[in-house]
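Enquirer: This is the structure alone, sequence omitted:
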């Protein structure tokens, strides 16, 4: 029946709205459980000998990682890749006009190399992160001309050669014997 098809197609959107509601509309105590999970993952990486973290976050995950770092997580990360990030939209909803630029030094000292934000016009969730690029924290906003159809492009960052090539190149690091270059974030 046609209604089964409609239900199957709409469930991911409903799930997304529930996730946003569960995290973004939660109080500090409610958000804390999410941030504690990030702390646990970071601790596990340290125990395994990881000394340099690159974080790739998508959509609501970019908000989680940002809040985690802002909350004083006991670490810094080398590179933060945000894909399809709604951070600017959340900032607009959460803050009055007078406070909108108050976060200009948000992650100063938390990102040691670079913050790369990928966004596309056909992804209504993503955007240029204007409110996060300031003293102490530079955001390299990379505009992707096309990721496919409107709305569905939100899940296509993982298929884009430009995104994958940059992440792979950064993760591979310099050739053996050459020092890793640190890009200023401020």
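Expert: That came through fine. The structure presented is a predicted model; accordingly, all values stated were derived computationally and were not measured.
Enquirer: Mean pLDDT per helix and strand in the protein: which one sits at the bottom?
Expert: One helix or strand of the chain scores below all others by mean pLDDT, DSSP states H and E: helix 2-24, with a mean of 57.
Enquirer: what sits against the spatially most central residue of the chain?
Expert: Using Cα atoms, centre = their mean, the residue of the chain that lies closest to the mean C-alpha position is residue 62, 2.6 Å off. Residue 62 makes contact with 82-87, according to Cβ atoms under 8 Å, 6 or more residues apart in numbering. From N, CA and C alone the C-beta is placed, and that goes for glycine too.
Enquirer: Name the member of the residues you listed with the most neighbours.
Expert: residue 85 (31 neighbours; other Cβ atoms under 10 Å).
Enquirer: mind checking how far that residue is from residue 76?
Expert: 19 Å (Cβ to Cβ, to the nearest Å).
Enquirer: ranges for the strands of this protein?
Expert: 54-58, 77-83, 111-120, 139-144 (DSSP state E).
Enquirer: Neighbouring strands - and their directions - for the third one?
Expert: Paired with strand 111-120 in the same sheet, following DSSP bridges, are strand 77-83 (parallel), strand 139-144 (parallel).
Enquirer: State whether residue 144 and residue 117 are indeed in contact, as I suppose.
Expert: No: the pair residue 144 / residue 117 is not scored as a contact, 10.6 Å apart, by Cβ atoms under 8 Å.
Enquirer: quick one: which of those two has more around it?
Expert: Each of residue 144 and residue 117 has its neighbours counted (other Cβ under 10 Å); residue 117 has more, 24 against 20.
Enquirer: if I pick the closest residue to the more buried one other than its chain neighbours, what's in contact with it?
Expert: Leaving aside its chain neighbours, residue 117 sits nearest to residue 82 (4.5 Å; criterion: Cβ to Cβ, 6 or more residues apart in numbering). By Cβ under 8 Å, 6+ apart, the residues touching residue 82 are 57-58, 62, 65, 115-118, 129.
Enquirer: what ranges of this protein fall below the confidence cut-off?
Expert: 1-22, 24, 73, 92-106, 174-186 (pLDDT under 70).
Enquirer: Could you rerun that using 50?
Expert: For the chain, applying pLDDT under 50 flags the ranges 10, 14, 100-101, 182-186.
Enquirer: quick one on the thing from earlier: would you check how far apart the residue nearest to residue 117 and residue 58 are?
Expert: Taking Cβ to Cβ, one finds residue 82 at 8 Å from residue 58.
Enquirer: Look up how far residue 153 lies from residue 23.
Expert: From residue 23 to residue 153 the distance is 23 Å (Cβ to Cβ).
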